[in-house]
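**Student:** Turn this into a structure:
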Amino acid sequence: MASDTIFALSSGRPPAAVSIIRISGPEAQAAARSIAGKLPEHRMAALRELRDPASGELLDEALVLRFNGPASSTGEDVVEFQCHGGRAVVEAVLGVLTSFKGLRTAEPGEFTRRAFENGRIDLTEAEGLADLVEAETETQRKAALALAEGGLRKQVSAWQEQLLALSAQAERAIDYDEEDADIDPALQQGCGTLAGELRAWLERPRLERLKDGVRVVVAGPPNAGKSSLVNALAGEERAIVTDIPGTTRDHIEVPLSLGGIPILLTDTAGLRESADVVEAIGVARAARLVEAADVIVWLGETDSAPAAHLRTIRVRTKADLVEPVEDGGLLSVSSVTGQGLGELAREIEAAARSILPGEGAVALNRRHAALLDEAARSLEEAEGDDDVVLIAEGLRIARSAFDRITGRAGVEDVLDALFSRFCLGK
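**Tutor:** Below you'll find the model as predicted:
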């Protein structure tokens, strides 16, 4: 299938001002010439009439761009038609391309997959592109862009250079040192130093919170105003509000963006002892959500707030109905008048930002972290080995883990799942 020439609409679905149709593969330029006539020079654009080669019928007047492989986005010959964005225009051009022998519609993510297979990008950059396509907040966009632009690839390349130097040192010791010679302490020290650097990276904030959203749980006793507060922060009626204690039986999740940070705001059942079976289940779930929360907005008494949680924002609701209280750590809000809601949103944003990767920093996902942990463990074992052959084997395992991070080896099970996240024209 890699020898096929593929095509697809690479822009949004019509109607639109402009639609981009991309062709990639060995027959891309021949097919484009059949429709557009003479093509522009490599990396140049030209205005051309697009015609059906069978009938000579004018399809559209479009901007045509040409990219010669391997200096193209896919590493193959690529031609793009920037057409008018009407449905009929797009369907007409795609219909003509379908009639050409050797051309077929691209599978989801196939353009990016060819870029990976042709060495234009590595697996971490492909993952960054997938995240960039799915990004919904500013922080998600910046983190995805850092990955897509090769931030992790460059770091892994630097680690691989260190590993190769250590491996060369170990192989020399195997080939030339006497059997009873002591191992060079610098070799073991080098393994330990690199393992420590990997461990430091593993302690950094991870990508999952940025992608899935920071879980902010609104908790407290029944009738404390939790659902009203969630509705006020969300700007819409998402949770049922009544004066009856125990109205909320199950948790409700509301995705928000605060200052460009993805937030998963969660309303929970009031925490109390209950003889009602359904409410008791909701209370148990609420307790588990509080334990797993990244940030807690606590609406109960101060002395009953979760003491062990590092990021708890204590809130006093119904500020429009009760007298103010002198407590510097207590934020008074009113879901009716809006008092204190802006300040609460800023505090939630600040707490969430403290557990996310830095702005534009390269962050690890689960796959990266698991392989980095594998490399770190093999290096730690190598540091403690007194047999140079075992040290060399530990270094080989670490190199293999890095190769799987970048996609050089052993990632066949990852590729289909990754590239299926892309649309047809990406």
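
**Student:** Going by neighbour count, which residues in stretch 192-200 are buried?
**Tutor:** The neighbour-count check on stretch 192-200 (16 or more other Cβ atoms under 10 Å) flags 194-195, 197-198 as buried. All C-beta atoms are positioned from the backbone trio N, CA, C, and that covers glycine.

**Student:** Mind checking which of those are in helices?
**Tutor:** Among the buried residues of stretch 192-200, the members found in helices (DSSP state H) are 194-195, 197-198.

**Student:** For this protein, which segments are assigned as helices?
**Tutor:** Under the criterion DSSP H, helices of the chain are mapped to 28-36, 87-99, 110-117, 123-134, 138-148, 151-176, 185-202, 207-212, 226-234, 277-292, 341-353, 366-384, 388-406, 412-419.

**Student:** about what we covered before: nearest to residue 126, of the buried residues of stretch 192-200?
**Tutor:** Using Cβ to Cβ, residue 198 comes nearest to residue 126 of the buried residues of stretch 192-200, at 22.2 Å.

**Student:** leaving aside the residues next to it on the chain, what's closest to that closest one?
**Tutor:** In space, and not counting its chain neighbours, residue 198 is closest to residue 376: 4.0 Å by Cβ to Cβ, 6 or more residues apart in numbering.

**Student:** and residue 312, how far is that from residue 253?
**Tutor:** 19 Å (Cβ to Cβ, to the nearest Å).

**Student:** okay, the two: which has more neighbours?
**Tutor:** Per other Cβ atoms under 10 Å, whichever of residue 312 and residue 253 has more neighbours is residue 312, with 19 against 14.

**Student:** Might one say that the more buried one is in contact with residue 300?
**Tutor:** No: judged on Cβ atoms under 8 Å, residue 312 makes no contact with residue 300 at a distance of 10.8 Å.

**Student:** residues shared between the contacts of those two?
**Tutor:** Listed as contacting both residue 312 and residue 300 by Cβ atoms under 8 Å, 6 or more residues apart in numbering is no residue at all.

**Student:** Is residue 28 in contact with residue 81, as I believe?
**Tutor:** No: in this structure residue 28 lies outside contact range of residue 81 using Cβ under 8 Å: 11.1 Å.

**Student:** List the buried residues in stretch 57-74.
**Tutor:** Applying 16+ other Cβ under 10 Å to stretch 57-74 flags 59-60, 62, 64-67, 69, 72-74 as buried.

**Student:** Kindly apply the preceding question to stretch 143-157 instead.
**Tutor:** For stretch 143-157, the buried set under the neighbour-count rule, 16+ other Cβ under 10 Å, comprises 143-153, 156.

**Student:** What of stretch 11-22?
**Tutor:** In terms of neighbour count (16+ other Cβ under 10 Å), stretch 11-22 has its buried residues at 11, 14, 19-22.

**Student:** What is the end-to-end distance of it?
**Tutor:** Chord length of stretch 11-22, first to last residue, is 9 Å (Cα to Cα, to the nearest Å).

**Student:** what does it rub up against?
**Tutor:** Contact with stretch 11-22 is made by 7-10, 78-87, 89-90, 93-94, 97, 111, 425, as judged by Cβ under 8 Å, 6+ apart.

**Student:** Who are the contact partners of residue 108?
**Tutor:** Contacts for residue 108 (Cβ under 8 Å, 6+ apart) come out as 419-424, 426.

**Student:** roughly how far is the lowest-mean-pLDDT helix or strand in the chain from the heart of the chain?
**Tutor:** Lowest on mean pLDDT, DSSP states H and E among the helices and strands of the chain sits helix 412-419, with a mean of 72. Offset of helix 412-419 from its chain centre (Cα atoms, centre = their mean, to the nearest Å): 15 Å.
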